[in-house]
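K.L.:
when you get a sec, could you give me coordinates for this:
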Amino acid sequence: MTGVIDYGAGNTASVMNALSDITKDIVKSSDPEVLSKCGRLILPGVGEASFAMKRLAECGITSLIKTCDVPLLGICLGMQIMGSFSEEGDTHCLGLTNTPVKRFDESKMTVPNMGWCKTKINNNCKLFQNLKNDQYFYFAHSYYMPVSEITTALCSTGTEFTAALRINNFYGVQFHPEKSGSAGIQILKNFMELC
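P.N.:
Next up is the predicted model:
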């Protein structure tokens, strides 16, 4: 069973729709007890970092995520809040990594970064199996995680940033697989096959 964490993120319905094309073995829930029984979890994310962290705490999901030992995929804001701190609302995040989240410099690029961007895969992460190295994915974000040792794919639009990451059983993508056509569906399929 794949659990989609329901905490009010704006892309939850579109993630559920994309997943339903792959499997019917999915559940959307904000109940930690239900989510704790799932074999993998997805943390969607469209919204604002401080609101996201507040809602996760209110639902009692924060500790579930931090202690999760099954594959978990964070999407867009869901990936960003895996970091230590976000400049968006001066927010303390989940702290799964010490990497902070920063706002793009508007003097270097158009903000938000929105649209299709070429993504360079820089290791053999299983999330990118059966995809070419310079794959295009759909992005929509004003904040980013800098490239670091946990980066599994990167992108540059005036500023180089982490397009995907991995920390043990935690995976994150800055782009929206649910809006990235066949390449995005392949990402979700690859995630579903991790366990």
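K.L.:
tell me the secondary structure for residue 148?
P.N.:
coil (DSSP: H, G, I helix; E, B strand; the rest coil).
K.L.:
neighbours of the residue nearest to it when sequence neighbours are not counted, how many?
P.N.:
Leaving aside its chain neighbours, residue 148 sits nearest to residue 99 (5.1 Å; criterion: Cβ to Cβ, 6 or more residues apart in numbering). C-betas here are computed from N, CA, C, even on glycine. Counted by other Cβ atoms under 10 Å, the residues lying close to residue 99 total 23.
K.L.:
before we move on, what about residue 23?
P.N.:
Neighbour count for residue 23, taken as other Cβ under 10 Å: 12.
K.L.:
now do the contacts for the nearest residue to residue 129 once chain neighbours are set aside.
P.N.:
Excluding its sequence neighbours, the residue lying closest to residue 129 (Cβ to Cβ, 6+ apart) is residue 190, at 5.2 Å. Going by Cβ atoms under 8 Å, 6 or more residues apart in numbering, residue 190 touches 126-130.
K.L.:
top of those by number of neighbours, please.
P.N.:
Highest neighbour count within those: residue 127, with 24 neighbours (other Cβ under 10 Å).
K.L.:
so that one sits in a helix?
P.N.:
Yes: under three-state DSSP, residue 127 sits within a helix.
K.L.:
my guess is it contacts residue 152, does it?
P.N.:
Yes: assessed by Cβ atoms under 8 Å, residue 127 is found in contact with residue 152 at 6.9 Å.
K.L.:
where do the contact lists of these two overlap?
P.N.:
Counting by Cβ under 8 Å, 6+ apart, the common neighbours of residue 127 and residue 152 are 164, 166, 171.
K.L.:
check the first one and give its pLDDT.
P.N.:
Right, residue 164. Reported pLDDT at residue 164 in the predicted model: 97.
K.L.:
next, the buried residues of the lowest-mean-pLDDT helix or strand in the chain.
P.N.:
Sorting the helices and strands of the chain by mean pLDDT, DSSP states H and E puts helix 12-20 at the bottom, at a mean of 92. Of the residues in helix 12-20, 12, 14-16, 18-19 count as buried by neighbour count, 16 or more other Cβ atoms under 10 Å.
K.L.:
residue contacts, the spatially most central residue of the chain?
P.N.:
The chain has residue 75 as the residue nearest its centroid, 2.2 Å off, counting by Cα atoms, centre = their mean. Going by Cβ under 8 Å, 6+ apart, residue 75 touches 11, 15, 42-45, 172-173, 176-178.
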